[in-house]
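Asks: Need coordinates for the below:
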Amino acid sequence: MSTRLTADLASGALAEALADIAEDAARVILPYWRSGVVAETKADDSPVTQADREAEALILERLAALYPEVQAVAEEAVAANGAPKTLGEWFWLIDPLDGTRGFVEGRESYTVNIALIHHDAPVAGVVSAPATGITWRSGAPGKGAFRRRFGETWTAIKVRERPAAPIALMSHSLTDEDAGRLGARYGCAEWQGMDSSLKFCLIAEGRFDAYPRTGPTSEWDTAAGQAVLEAAGGRVLAEGGELLRYGKPGHANGGFVALGG
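Replies: Numbers count the residues shown, from 1 in each chain. Below is the predicted model:
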């Protein structure tokens, strides 16, 4: 692997570059939001729009220009052509528009996600929210996590200590009964429904405490958010209690829980 990649990772320059790319992808997406954009249905029954495709093309082009030696695993490319047969020691996981259903319905909580994986762990990640103009990123290893409004100065963020009455975030796909039961499993009597990887970021900045998930997700849905949350002092645990890892068959996640302090 190039010395540029490892040097940029160590200095934090890589995450800064990813943030710029994610914000440019957000600018590609925004004109489609609340414009009557129509979604197509992919083979896995998930939706895709022209905004997804254009944002992914921009991200892939920019990453290839900066770090051409790093393999990319991107949601729409995988849907069209299948996943790579083998993975290298380093690879990108890219979801150009997480929360497409909510995006089509005009909701705000959709995101751009880019993560760098080394072996099986996310070592850098960026999540950008086009509708609100906010980006979250990991820092240099061991240097925390940050957020900013597009193009502005970064502010450090961290998870909060677990409060007496912790609050969970849940997928909108859950019924109220299922969400309440799942929240109670992690000591959360209160919960709020939300789309996309924003859930990881809101825990990372200390506004919520847990995000349990039982339903299926793909690795590109979680990798960038996990990188941000872990940099902010949180954890994302698989069903067996180990850290959620990447490069699994089919890039499919089982159940997990994202936790703050």
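Asks: Strands of the stretch 1-150 of the chain, residue ranges please.
Replies: Ranges of strands in the stretch 1-150 of the chain, per DSSP state E, counting those that start in this stretch, are 40-41, 47-48, 71-74, 90-98, 111-118, 121-129, 134-138, 145-149.
Asks: Which of those sits closest to L243?
Replies: Counting by CB to CB, L243 lies closest to strand 121-129 out of those; the figure is 7.3 Å. From N, CA and C alone the C-beta is placed, and that goes for glycine too.
Asks: report the angle between the axes of the closest one and strand 145-149?
Replies: Here strand 121-129 points in a direction 20 degrees away from that of strand 145-149 (axes from the mean of the first three to the mean of the last three CA atoms, to 10 degrees).
Asks: which helices and strands sit right next to strand 121-129?
Replies: Based on contacts counted as 3 or more CB pairs under 8 Å, 6 or more residues apart in numbering; DSSP states H and E, the elements that strand 121-129 packs against are helix 13-29, strand 111-118, strand 134-138, helix 198-204, helix 219-231.
Asks: residues in contact with the third one?
Replies: Judged by CB atoms under 8 Å, 6 or more residues apart in numbering, the contacts made with strand 134-138 from elsewhere in the structure are 15-16, 18-19, 22-23, 123-129, 145-150, 154, 157, 201, 204-205, 227-228, 230-231.
Asks: Separate out the buried members of those residues.
Replies: The neighbour-count test (16 or more other CB atoms under 10 Å) marks 15-16, 18-19, 22-23, 123-129, 145-148, 150, 154, 157, 201, 204-205, 227-228, 230-231 as buried among those.
Asks: if we can go back for a sec, would you reformat the strands of the stretch 1-150 of the chain as CSV and include mean pLDDT and distance to S218?
Replies: Converted to CSV, those look like this (pLDDT from 0 to 100; distance: least, CB to CB, whole Å):
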stretch, mean pLDDT, distance to S218
strand 40-41, 84, 16
strand 47-48, 86, 13
strand 71-74, 96, 10
strand 90-98, 97, 8
strand 111-118, 98, 11
strand 121-129, 98, 14
strand 134-138, 98, 20
strand 145-149, 98, 23
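Asks: R235 is nearest to which of those?
Replies: Ranking the strands of the stretch 1-150 of the chain by distance to R235, with CB to CB as the measure, places strand 121-129 first at 12.2 Å.
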